[in-house]
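Q: Quick one, what's the 3D model for this:
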Amino acid sequence: MLPIRLAEKEGPLNILCIGAHSDDIEIGCGGAMLTLRKRYPDARIVWVVLSGSKERQEEAERAAAAMLGDADYEFQTGHFRDGFFPYQGLEVKEFFESLKKTTEPDVIFTHHRNDLHQDHRLVSELTRNTWRAHFVLEYEIPKYDADLGHPNTFVPLEPDVLARKIAVLMEYFGTQRSKQWFDEETFRGLMRLRGIECASPTGYAEAFHAPKLLLLG
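A: This is a model prediction of the structure:
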């Protein structure tokens, strides 16, 4: 497997993370974000959560702070209704257009285009529609719909990163702990499976769908 590293660039790496719901980013790319924080300590991060009750948005803000620490980051929230994104399409699109005016990311983390949750799917579509020539990594969310696909990009996770990701999920998202799938075994199991698929030296990894990559000689 050929490893690909983000090219060196002048100035900080700019990262945009987009999640439809308050725990999506942490579940989908929390490990990758912790890894990038290690490698690019001066990275600038925009962390966007598009829906949630007041309680869930507060959970998301506290979790982002716990995960990002003293990073240079901006936390943004939308106020769209959970489960109704396609029916609020105009307003969601306007939010993305507004975000585009203030954000020029080098890498974007967003939902997978074939995710069966309607909110996730719309977020993925609008991400690719808004930033058409950017490096986009689409993350995966385990759920009842059984829509996990065949990702083609992997980020091996060090033991401390794996532990920190799971700790943040279990500590900061109390509103979700009653769900039968929201537990350490689910998160660890998926990362173990992806670690097997990419022969991760630590045994664990996160996986992503990269819709388009430009290979430079």
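Q: distance between stretch 36-50 and the chain's centre?
A: Put simply, stretch 36-50 sits 11 Å off its chain's centre (Cα atoms, centre = their mean, to the nearest Å).
Q: List the contacts of it.
A: If you take Cβ atoms under 8 Å, 6 or more residues apart in numbering as the criterion, stretch 36-50 is touched by 6, 12-22, 24-25, 33, 57, 60, 64, 68-69, 71-78, 80, 85, 92, 95, 99, 103, 105, 119, 123, 161. Backbone N, C-alpha and C define where each C-beta goes, glycine included.
Q: what's the answer for stretch 54-62, then?
A: 19, 21, 22, 23, 49, 52, 75, 77, 172, 173, 174, 175.
Q: at 6 Å what do you get?
A: 22, 49, 75, 77, 172, 173, 175 (Cβ atoms under 6 Å, 6 or more residues apart in numbering).
Q: of all those residues, which comes closest to residue 141?
A: Checking the contacts of stretch 54-62 against residue 141 by Cβ to Cβ gives residue 22 as the nearest, at 12.3 Å.
Q: Can you say which helix or strand has residue 202 in it?
A: Residue 202 belongs to no helix or strand when elements are defined using DSSP states H and E.
Q: quick one: it and residue 26, what's the gap?
A: 19 Å (Cβ to Cβ, to the nearest Å).
Q: which of these two has more neighbours?
A: Comparing residue 202 with residue 26 by other Cβ atoms under 10 Å, the one with more neighbours is residue 26, at 26 against 13.
Q: CA atoms of whatever helix or strand the more buried one lives in as CSV?
A: Residue 26 belongs to helix 24-39 when assigned by DSSP H and E. Extracted C-alpha coordinates of helix 24-39, given in CSV (Å, rounded to 0.1, in the frame of the first residue of the first chain):
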residue,chain,number,x,y,z
ASP,A,24,-20.4,12.8,13.6
ILE,A,25,-17.0,14.4,13.3
GLU,A,26,-15.6,12.7,16.4
ILE,A,27,-17.0,9.3,15.2
GLY,A,28,-16.0,9.7,11.6
CYS,A,29,-12.6,11.4,11.7
GLY,A,30,-11.7,12.0,15.4
GLY,A,31,-8.6,9.8,15.1
ALA,A,32,-7.4,11.4,11.9
MET,A,33,-7.9,14.9,13.4
LEU,A,34,-5.8,13.9,16.5
THR,A,35,-3.1,12.5,14.2
LEU,A,36,-3.1,15.7,12.1
ARG,A,37,-2.9,17.8,15.2
LYS,A,38,0.3,15.9,16.1
ARG,A,39,1.9,16.3,12.7
